[in-house]
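[1] Quick one, structure for this:
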Amino acid sequence: MSFLKLIRYQNLLMLALMQLVFKYGFIDFQGIPQALNHWQYGMLVFATVCIAAGGYLINNIIDRGTDEENKPENVVIGNAISETMGYNLYIALNVIGVGLGFYIANVVEKPSFAAAFIIIAATLYVYANGLKQSLLIGNFIVAILLSLSILIIPVFDLLPVIFPHNQVGMGIIFKILIDYAVFAFVLNFIREIVKDLEDIKGDYNHGMNTLPIALGVARTVKVVFGLSFIPIGFIIYYINENLFSNDLYYASAYGFILILAPLLYFTVKILGAKNKKDFGHLSNVLKIVIFFGILSIAVINWNILYAR
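    Okay, here's the model as predicted:
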């Protein structure tokens, strides 16, 4: 259980579920060719999970001092698992992830694609070793990596089988997945700032340069409040233009109730948030919004095929 806690297994399960939903809740219903069979796609998911787990692990090793102050109950390195064992597990996870990525890249006859796994693993290491201490850069990197975990799906499963005769149809699928990647990026970027608000005390004591430390809590809260209107506007526009106007009423209701409503709740509550508990709660609200946002692609597909 200590190992699972160390690699933040809840986040990894959410990551794996997200990639499976895009494949089996959307792409499989589009009647398009795919480069990967089921077990090869499973290997892609597992490779992504291994790289992400390695990123969480190295971050927990290097952030041990900060975590002992911010979240002492979550500290595993130095307690249940030694630092040496932690580094060995980190190496093993990255070897497995990059190795599987290399194999999958060769399966789709695009060996250069393996570089994506190497670059992501290296970026997570550099992030943990210093970039996360830089103003907003760490937030941006974490947010973009979540988006890449969505975009890696069409890159490996669709791009190798795009030909002139199916280019238009494939382009539409790519655009939809890019929309979801942008959605995930914006929400996760905001969430990372909220997490910085939650951890401001420990971050300050350990020389971090986060937005709340640079601007102060009150100003950062106002920034987050303003940023929250970006996904709100995006969701309202998307529901109106792509769902409601096409008589997808179940998907529209899903979007309003499970995505827009919690996000509006977040926007209202962020202005009154003052302590670690408040910011922790709002961080979890955004995680829920991201989760239901990702699941929406399966709901939309179901509404189109079976309930229109």
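
[2] Every contact and neighbour count from this point should use C-alpha atoms.
    OK.

[3] Give the phi and psi angles for Ala116, as a check.
    phi -60, psi -40 (degrees, to the nearest 10).

[4] That one: how many residues sit nearby?
    When counting by other Cα atoms under 10 Å, one arrives at 16 neighbours for Ala116.

[5] next one: Gln30
    With other Cα under 10 Å as criterion, Gln30 counts 12.

[6] quick one, what contacts it?
    Contact analysis of Gln30 by Cα atoms under 8 Å, 6 or more residues apart in numbering lists nothing.

[7] before we move on, what about the one 4 residues further on?
    Each residue near Gln34 by Cα under 8 Å, 6+ apart is listed here: Asp157, Leu158, Val161.

[8] Helices of the stretch 1-150 of the chain, residue ranges please.
    2-6, 9-24, 38-62, 64-70, 83-107, 115-128, 137-157 (DSSP state H, counting those that start in this stretch).

[9] Pull the first one out as CSV, backbone CA atoms only.
    Extracted as CSV, the C-alpha positions of helix 2-6 are listed here (Å, rounded to 0.1, in the frame of the first residue of the first chain):
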residue,chain,number,x,y,z
SER,A,2,2.9,2.4,0.7
PHE,A,3,4.2,1.9,-2.9
LEU,A,4,0.7,2.7,-4.3
LYS,A,5,0.5,5.8,-2.1
LEU,A,6,4.0,6.8,-3.3
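
[10] Could you list the buried residues of it?
    Leu6 (16 or more other Cα atoms under 10 Å).

[11] now do the second one
    The neighbour-count check on helix 9-24 (16+ other Cα under 10 Å) flags Tyr9, Leu12, Met14, Leu15, Ala16, Leu17, Met18, Gln19, Leu20, Val21, Phe22, Lys23 as buried.

[12] Throw the residues you listed into JSON lines and include distance to Gly101 and pLDDT, thanks.
    Listed next are the buried residues of helix 9-24 as JSON lines, based on distance: Cα to Cα, whole Å; pLDDT from 0 to 100:
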{"residue": "Tyr9", "distance to Gly101": "21", "pLDDT": "83"}
{"residue": "Leu12", "distance to Gly101": "17", "pLDDT": "89"}
{"residue": "Met14", "distance to Gly101": "20", "pLDDT": "88"}
{"residue": "Leu15", "distance to Gly101": "16", "pLDDT": "91"}
{"residue": "Ala16", "distance to Gly101": "15", "pLDDT": "93"}
{"residue": "Leu17", "distance to Gly101": "19", "pLDDT": "91"}
{"residue": "Met18", "distance to Gly101": "18", "pLDDT": "92"}
{"residue": "Gln19", "distance to Gly101": "15", "pLDDT": "94"}
{"residue": "Leu20", "distance to Gly101": "17", "pLDDT": "95"}
{"residue": "Val21", "distance to Gly101": "20", "pLDDT": "95"}
{"residue": "Phe22", "distance to Gly101": "19", "pLDDT": "94"}
{"residue": "Lys23", "distance to Gly101": "18", "pLDDT": "94"}
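
[13] The residues you listed into a markdown table, with extra columns for distance to Leu146?
    As requested, the buried residues of helix 9-24 are arranged in a markdown table below (distance: Cα to Cα, whole Å):
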| residue | distance to Leu146 |
| --- | --- |
| Tyr9 | 15 |
| Leu12 | 11 |
| Met14 | 11 |
| Leu15 | 8 |
| Ala16 | 12 |
| Leu17 | 13 |
| Met18 | 10 |
| Gln19 | 11 |
| Leu20 | 15 |
| Val21 | 15 |
| Phe22 | 14 |
| Lys23 | 16 |
